[in-house]
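**Q** next comes the sequence, and after it the predicted model I'd like to discuss.
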Amino acid sequence: MAMDGKELVEKLAKLSQVQSIKDIPQLTHALFPGTHCPLMGAAMAVGGIKDSLIVVVGTDECTYYTKSMTIHSEKFGGIDGRCVSVVLDDHDVTFGSAEKVQEAFKEIIEEYRPQCVFLVTTCVIEIIGDDFDAISEGLSELYGIPVLPVHTEHFKCEDHLPGLERTITVCAEMMKSCDSDNSVNLLGQRMGDFATTELYAMLQKAGVKIGLQLPCGCSVDDIKNAAAAKVNIVVNDIALPLAQKMQEKFGIPYVYFNKFVIPEKIYEAYKNLFGYLELELPGELEGLYQNAREKIEKNKGELEGITYIYGNTPYAVFEMNCFLSSLGMVPQVIQTNRYTEADEPYAKEILQYTDPYVCKAANIAPLQYVYDVLSPYLYLGHEFGNRLRQKGIAIVHSDRASGMLGFEVTGYLLQQLVKSVREAKEYRKELGL
Amino acid sequence: MSLCRYLPVPSDRMGIIWSLLSVKDSIILEYGPAGTTHFSMGFYGTLGVDWQHRLFTTHMNEDDVVMGDVTRLEEAIVELDKSYEPKVIFVVASSISAVIGTDIKGVCNYMQKEVQAKLVAFEQGGFRGDYSIGLTEVYKLLVNNLPCKEQKKRKKVFNIIGASMGSYRAASDVWELQNLIREAFGYELHTCLCHETSVDEIGDIGTAEINLVMRQEGLPAAEVLKNKFDMPFVVSAPYGYAATLTWLEEVGKILGQLPDVKMCARLRLKAQNTASLKMYAMMMGRKKTPQAAVIGEYDLVKGLSAFLRSVGIDVKYKLCSHSLKSIVEPELDIQYISVEKEKIDILKKMQKTLVLADDVSHRLCDSSNVVVRVSAPFIDGAQIATHLPLLGEKGTDFLLETIEAYYQTLA
């Protein structure tokens, strides 16, 4: 039982052939495990919004897995917590689910008294065409609380991120105009604690008040008052639509401060942010920038020529691969589920160094056979460490980067890369490679 | 059912998939969005079934949904057949493909000539009922599709039908039944639907002498095998010493062999000893009446309730955790409550009751009750042991310990 790794690789596209996401193929037709679902993304986002309730409208299966995910979550309040559902049966598929949802809402309001409800629809609802925008509006009026529709059909998108994006974007409906308190909102941080980041420390030192932190931890009231901010900081693409909406609605500018690893990009983001805040750029940033540059120079030699396969990390995919390519590292395959105009400059720069294969992410079963053909030193993302070790490959762990923003990201990445390269060399020695 | 605050009853599709994951040398291909497959992995992992290189998804995009294009499914079937060379590919519908009416069976029919693996279609997309219906379907479809035409009878082997990995202690219960039959008759297990079996084992399922059906949902499959291969069967889930003894005697009648004498004597003695508990219960009953609630799958509720009655405990509530549609002539006092709120109200009112149920039910009971986990869902901790049954002799040993503990709370 084996796949032909060579054949798999030959079927892949090269980065130079990619114009849009449609040009990025799946590694195989049959996937395992496949991408996460936008429903899961929506649940992740609601988890960070205190006093709100998620109501999943879907099949037994969709609702079962979503509830299971929240059962041991403190954020959700455990089994009795903020995740409930309306389960569809064949009758609802034929005659519509509105009545059942309205019925369930009476119980929801009585028992949970939520300040806000995210009414999350799943694939089947979108197919049968129940109008949940209208249903939500009706329920909002009836009960006097925001009932916000979030559509999470997976057949229209690639992975779970649109679920997060739509959940936080719909929050704009709750925001109201208010006087500025010169604070900044942090938009798009999915995991980790903002308070542990370098960016947070810089803002604290500059005396900047932190407003809304969506979706990593806020209350419904924080969302309602989010328009008091002077600037929005967007730390992930999932928050771009919300930031754009807030700019249109309230005139709040935003700074794109993704989890960059290129020091110049980080410095630029800091400069933009402090510019919008009309504050002097903290002097120590220059030191941090120089320090990041020094680390690059110090470690470059050890990383040069090191081959790797890119899986899934908290970093910005193409910016990060561009950075690694500039260090002389060799991406053999880049797995990604999105490719936008913003990625193009990075892709062009990568192509100056090398032309890696590209394919969609979250399909690790057939990847095993690709490793045998390409024999990379490193795998960046989630995989089974022991299995990779037997092939002479070391994993570059990156989960801790979720709680980082700023120059610290560059330092952490370099540190992890060097550690993993040394491990990979050991593994390869063990295998006689 | 309107609002679901906790976990809904797993669907027919979920029951089918966790059963098929127990069939080695096969692959399950889901025709649906990838997210469902990914989301399900954690759940199947907790049930102790292995999905590595066994569970795949095609994913579906808008074109597939709007245009009904099945190219993606065709290509995935060919690819899996070539890459993994499975003996069988089970092609399982999703809620989406079921709603849009994809003809999975038709696709399998015309794709069969393109591949070496046998293609078996499961068109249940989660809308035909709960997992109890799914189990009935999966056992039936397996015995209709996989067994070879010719079956040469083998001596001293038996099959089990009705194991479900979604049940609490399923692997342990199978282990116990195996041990009991081995000790009583010297027979060995040939195949078990569906626990740690394989395509080949199901292929010659008809070679065994007898089928032991441990849950009602296995009955239609047992009838298929009786008609196809003239295989006798016994339907029983033996809870309690006396029930275990009766079950062994019934099996013995069909096999034409008496169960091991020493074993019978041991079980008889244990059954007699439990009678003292009944007396104890009667004595206690003058002050506080021992009472129980049993919540779980139909055969468990039926079997455990009968056992509890035999030791002097009044079973006040017998609640089935799934619909009774697959159960032939269910006992009238075993109820399936589809409205969650009604079930919650019952559980919240319970006082000083022995509650044999699942983890969610337990959380809803107050601390005056004695709770014992006997059914799914199990959310507190993991299920690791495969030697701690609820069925049979060893299962009864365990249950008696909990009953003793319960009696102490009534003193």
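**A** All right, it came through fine.

**Q** and residue B:331, what is it in contact with?
**A** B:302, B:318 (Cβ atoms under 8 Å, 6 or more residues apart in numbering or on different chains). Quick note: C-beta positions are derived from backbone N, CA and C, even for glycine.

**Q** that one in helix, strand or coil?
**A** Three-state assignment for residue B:331 (DSSP: H, G, I helix; E, B strand; the rest coil): coil.

**Q** check which element follows the helix or strand encompassing residue A:331 along the chain.
**A** Using DSSP states H and E, residue A:331 maps to strand A:330-335. Scanning forward in sequence from strand A:330-335 by DSSP H and E, the next helix or strand is helix A:344-353.

**Q** now for the closest residue to residue A:280 other than its chain neighbours: which residues touch it?
**A** Nearest non-adjacent residue to residue A:280, counting by Cβ to Cβ, 6 or more residues apart in numbering or on different chains: residue A:274, 7.0 Å away. With contacts defined as Cβ under 8 Å, 6+ apart, the neighbours of residue A:274 are A:206, A:280-282.

**Q** check residue B:364 too.
**A** Neighbours of residue B:364 in contact, by Cβ under 8 Å, 6+ apart: B:344, B:347-348.

**Q** find the nearest non-adjacent residue to it, please.
**A** Per Cβ to Cβ, 6+ apart, closest to residue B:364 is residue B:347, 4.0 Å.

**Q** wait, the one you found sits on residue B:366?
**A** No - Residue B:347 lies out of contact with residue B:366 (Cβ atoms under 8 Å); the separation is 9.2 Å.

**Q** name the residue in the two with the higher neighbour count.
**A** Taking neighbours as other Cβ atoms under 10 Å in any protein chain shown, residue B:347 and residue B:366 compare with residue B:347 leading, 23 against 12.

**Q** report pLDDT for the more buried one.
**A** In this prediction, residue B:347 carries a pLDDT score of 97.

**Q** which strand or helix spans residue A:309?
**A** strand A:307-310.

**Q** residue ranges with poor pLDDT in the chain?
**A** Went with chain A since none was named. Residues of chain A that meet the criterion pLDDT under 70 lie in A:1.

**Q** my question was about chain B, not that one.
**A** Across chain B, the ranges flagged by pLDDT under 70 are B:1, B:281, B:284-287.

**Q** for chain A, what's its nearest residue on it.
**A** residue B:35 (2.2 Å; Cβ to the nearest Cβ).

**Q** relative to residue A:159, how far out is that residue?
**A** Using Cβ to Cβ, to the nearest Å, we find residue B:35 at a distance of 8 Å from residue A:159.

**Q** swap in residue A:261?
**A** Taken as Cβ to Cβ, the span from residue A:261 to residue A:159 is 22 Å.

**Q** residue B:20 now?
**A** Using Cβ to Cβ, residue B:20 is found at 26 Å from residue A:159.

**Q** what of residue B:179?
**A** 47 Å.

**Q** so between those two, which is more surrounded?
**A** Higher neighbour count among residue B:179 and residue A:159: residue A:159, with 24 against 16, using other Cβ under 10 Å.

**Q** my read is that that one contacts residue A:337, right?
**A** Yes - under the criterion of Cβ under 8 Å, residue A:159 makes contact with residue A:337 at 5.0 Å.
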